[in-house]
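[1] need a structure here:
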Amino acid sequence: INAIHQRKKFCCGFSISTLSLLLVSQRSSLSLFSLSALRLRCSSESPASLACHVSSRTVVSVVVSMDSTSPDLALSVDSVANDLKNQNLGSDDGNDRKRLGLNLEDLNWDHSFVRELPGDPRTDNMPREVLHACYTKVLPSAEVESPQLVAWSESVSELLDLDPQEFERPDIPPLFSGASTLVGALPYAQCYGGHQFGMWAGQLGDGRAITLGEIINSRSERWELQLKGAGKTPYSRAADGLAVLRSSIREFLCSEAMHSLGIPTTRALCLVTTGKHVTRDMFYDGNPKEEPGAIVCRVAQSFLRFGSYQIHSSRGKEDLGIVRALADYAIRHHFPHIENMNRSESLSFSTGNEDHSVVDLTSNKYAAWAVEVAERTATLIASWQGVGFTHGVLNTDNMSILGLSIDYGPFGFLDAFDPSYTPNRTDLPDRRYRFANQPDMGLWNVGKFTSTLSTAQLINDKEANYAMERYGTKFMDEYQAIMTKKLGLPKYNKQLISKLLNNMAVDKVDYTNFFRVLSNIKADPSIPEEELLVPLKAVLLDIGKERKEAWIIWVKSYIEELAASGISDEERKAKMDGVNPKYVLRNYLCQSAIDAAEIGDFGEVRRLLKLMERPYDEQPGMEKYARLPPAWAYRPGVGMLSCSS
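    Numbering: from 1, shown residues only. Next up is the predicted model:
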């Protein structure tokens, strides 16, 4: 390769469709690739350079310079092949890095959503009502100027079998800003509706998100790629379809942080700036300002929501068939175990009603599906409550049928424990989506989802009621199990846990830090009373004598429970530290990363990404990220955001 570079020779002027290069593979055998597969590109900034990124089946990336006045431009294909063949591709000097996966051109795209479901006959992005369709084909249209890669997730690239070296490519920012098109993509925006703050809002849809398509990885998993902030779609209404760096950083980091906490979530592959500014009125106070634009590449096995079904059910008999088609699609691709269910499995359950009626889930796959969606939702929200996470906008269009955390707008992890906490300015003063109300909102949303399936005559009333009953049972089972583990108890103790949460609320105790230090308490009833609160000293701040006595009473009861379990202090501490994170994505940490990124420093975003990959580990040297929020963290805009941010 160096020889080619030094000789400044390269064949050019040939048709991409007819020209091909012989390249040497990792096993030193020759392989034939067309230039169209190599996606040969000329740099617009430097016409004297040409970058050619080679297929993942080789270990070479060729970068050559050309002199348009050189007489050697007629170098033959055979000569290029010979130059490549003469290079020592198998050297062990540490300079050659083996590819670990696919390049972008080799991703295995599929487009089942577009192929199997009805689409909009129009392909323009004019805001309008889209009828009788699940999607509209639309291209990204965000204005881009010198885009930059802010950060990317290596673990998400592994889901897609994507080689990490791909993110060293100079064309990554244009590709993931939508300025260039990924080979194999078939972009579209999804049509859906939803209830917002308890009121039916009609058609909503992907107003600033454009799905590129689905990737099938080597494990036969299906992953959708979506650009958020990529421009207008028919579902944008009066909005511009764009996103700002501030909210994009929050979504990128929280998607990955939640995954590392073990909570089901959509993921984020990468984040790029667009190089353009976007006008936003963050506080709705009539003072808009320009902010840097950005785009997140979101990844999920599906972005289907409760609202994806609601919109078609709301439009009358003509569209009820689409509800069924969407249900069949979801079951076929994302709940195949339900598709393959048979009566021998005997999935029959009593509804718990006075008439002792029975729901047989093996006789109706849609009923079995509704129950599983309800249970996944319950498990998700129980996990939120366990780590002190508040979503902020639990509208039905923000509820995933897969039970994923989706659509990170105004969100927040509890600092001082406050059951009425909401991170959403739009939710004031009613606080419909406050932390303590999330379980009830999950049930309310499940009720709207099952009502949709009932309207489409996919399930009957008993089956709908049973799904909601299962939500309640599943939530309590999961939540009790989580809280029992957080306290290191041998079994659930409602009175002990309720008293603890009450004490924490009264004294505004930091939720994350309290449970982390709780594992330091020893199961020793002989500890003197004046020493009982020593392990909790760092989190029980500024409490008076009366409150100190209340905490001593609680700690005594807690130690009695621990002593009765017979589990050693060391074993219990290890288990508790494995479920009580030391690090969560506090709003002030996000804001610090945002402030730096807005002046071009992306280092803090990347540090937070690495930190949040191991939230349960001590990570020496990173203790400052577990501290209580500083005073500036309580200024407007840091802890509370609007829905449109």
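[2] any regions of the stretch 251-400 of the chain where pLDDT drops low?
    When the per-residue scores of the stretch 251-400 of the chain are filtered using pLDDT under 70, the ranges that remain are 283-285, 342-356.
[3] if we go to 90?
    Within the stretch 251-400 of the chain, the segments meeting pLDDT under 90 span 280-288, 339-362.
[4] which one's the longest helix in the protein?
    Counting residues, the longest helix found in the chain (DSSP state H) is helix 461-486.
[5] buried set for it?
    463-471, 474-475, 478-480, 482-486 (16 or more other Cβ atoms under 10 Å). Yep, even glycine has a C-beta here, placed from its N, CA and C like the rest.
[6] roughly how far is that helix from the heart of the chain?
    24 Å (Cα atoms, centre = their mean, to the nearest Å).
[7] what does stretch 357-366 give?
    Between the mean C-alpha point of stretch 357-366 and the mean C-alpha point of its chain there is a distance of 33 Å (Cα atoms, centre = their mean).
[8] before we move on, back to that, what helices or strands is the helix or strand following the longest helix of the chain leaning on?
    Using DSSP states H and E, the helix or strand that directly follows helix 461-486 along the chain is helix 494-507. For helix 494-507, the packing partners by 3 or more Cβ pairs under 8 Å, 6 or more residues apart in numbering; DSSP states H and E come out as helix 545-565.
[9] what lies in contact with the helix it packs on?
    Taking contacts as Cβ atoms under 8 Å, 6 or more residues apart in numbering, the residues outside helix 545-565 that touch it are 487-490, 493, 496, 499-500, 503, 506-507, 521-525, 527, 529, 532-533, 536, 540, 543, 572.
[10] that older thread, who does the longest helix of the chain touch, helix- and strand-wise?
    Using 3+ Cβ pairs under 8 Å, 6+ apart as the contact criterion, the elements in contact with helix 461-486 are strand 358-360, helix 365-387, helix 438-455, helix 569-577.
[11] how about 7 Å then?
    With contacts taken as 3 or more Cβ pairs under 7 Å, 6 or more residues apart in numbering; DSSP states H and E, helix 461-486 sits against strand 358-360, helix 365-387, helix 438-455.
[12] which one of these is the most hemmed in?
    helix 365-387 (a mean of 23; mean count of other Cβ atoms under 10 Å).
[13] what's the spacing between that one and its chain's center?
    For helix 365-387, the distance from its own C-alpha centre to the chain's C-alpha centre is 17 Å (Cα atoms, centre = their mean).
[14] now stretch 392-409
    Distance, centroid of stretch 392-409 to centroid of chain: 11 Å (Cα atoms, centre = their mean).
[15] likewise stretch 562-580?
    Centre to centre, stretch against its chain (Cα atoms, centre = their mean), the figure for stretch 562-580 is 31 Å.
[16] just the endpoints, please. Distance across that stretch?
    This stretch, stretch 562-580, spans 17 Å end to end (Cα to Cα, to the nearest Å).
[17] and the helices and strands packed on helix 461-486 as JSON lines, adding distance to residue 107?
    Below are the helices and strands packed on helix 461-486 laid out as JSON lines (distance: least, Cβ to Cβ, whole Å):
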{"stretch": "strand 358-360", "distance to residue 107": "42"}
{"stretch": "helix 365-387", "distance to residue 107": "28"}
{"stretch": "helix 438-455", "distance to residue 107": "32"}
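[18] nearest to residue 316, of these?
    Each of these was checked against residue 316 via Cβ to Cβ, and the shortest separation belongs to helix 438-455, namely 9.7 Å.
[19] hmm, who's touching the closest one?
    Contacts with helix 438-455, where a contact means Cβ atoms under 7 Å, 6 or more residues apart in numbering, come from 195, 306, 309-310, 313, 323, 366, 370, 373-374, 377-378, 381, 384-385, 390-391, 394, 396, 399, 433, 459-461, 464, 467-468, 471-472, 475.
[20] on that earlier part again, for the helices and strands packed on helix 461-486, which one sits closest to residue 331?
    Nearest to residue 331 among the helices and strands packed on helix 461-486 is helix 365-387; the distance by Cβ to Cβ comes to 5.5 Å.
[21] packing partners for the closest one?
    In terms of contact count using 3+ Cβ pairs under 7 Å, 6+ apart, helix 365-387 is assigned the packing partners helix 320-334, helix 336-339, helix 438-455, helix 461-486.
[22] do you know which of these lies nearest residue 263?
    Distance to residue 263, taken as Cβ to Cβ, is lowest for helix 461-486 among these, at 10.9 Å.
[23] so who does residue 489 touch?
    Applying Cβ under 7 Å, 6+ apart, the residues contacting residue 489 are residue 561.
[24] and the pLDDT for it?
    Per-residue confidence at residue 489 stands at 97 (pLDDT).
[25] the closest residue to residue 318 other than its chain neighbours: neighbour count?
    Taking Cβ to Cβ, 6 or more residues apart in numbering, and ignoring the residues beside it in sequence, residue 318 has residue 132 as its nearest neighbour in space, at 7.1 Å. Taking other Cβ atoms under 10 Å as the neighbour definition, residue 132 ends up with a count of 15.
[26] try the one 10 residues further on
    Other residues near residue 142 come to 25 when the count uses other Cβ under 10 Å.
[27] before we move on, what about residue 322?
    The tally of other residues near residue 322 (other Cβ under 10 Å) stands at 22.
[28] so how far is residue 549 from it?
    Look at residue 322 and residue 549: by Cβ to Cβ, to the nearest Å, they are 62 Å apart.
[29] residues touching the residue nearest to residue 218 when sequence neighbours are not counted, list them.
    Using Cβ to Cβ, 6+ apart and skipping residues adjacent in sequence, the residue nearest residue 218 is residue 161, 5.3 Å away. Taking Cβ under 7 Å, 6+ apart, we find residue 161 in contact with 101-102, 217-218.
[30] who wins for most neighbours among these?
    With neighbours set by other Cβ under 10 Å, the maximum within the contacts of residue 161 is found at residue 102, which has 21 neighbours.
[31] which stretches of the stretch 401-550 of the chain have low pLDDT?
    Applying pLDDT under 90 to the stretch 401-550 of the chain picks out residues 425-429, 542.
[32] distance from stretch 543-556 to the middle of the chain?
    Its chain's C-alpha centre and that of stretch 543-556 lie 40 Å apart, by Cα atoms, centre = their mean.
[33] and stretch 538-549, how far apart are its ends?
    Counting by Cα to Cα, you get 17 Å between the two ends of stretch 538-549.
[34] quick one: it to chain centroid distance?
    38 Å.
[35] ok, now stretch 102-110?
    21 Å.
[36] filter the contacts of helix 545-565 down to the buried ones and hand me the ChimeraX line.
    With 16+ other Cβ under 10 Å as the criterion, this ChimeraX line picks the buried residues out of the contacts of helix 545-565:
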select :487,488,489,493,496,499,500,503,507,521,522,523,527,532,533,536,540,543,572
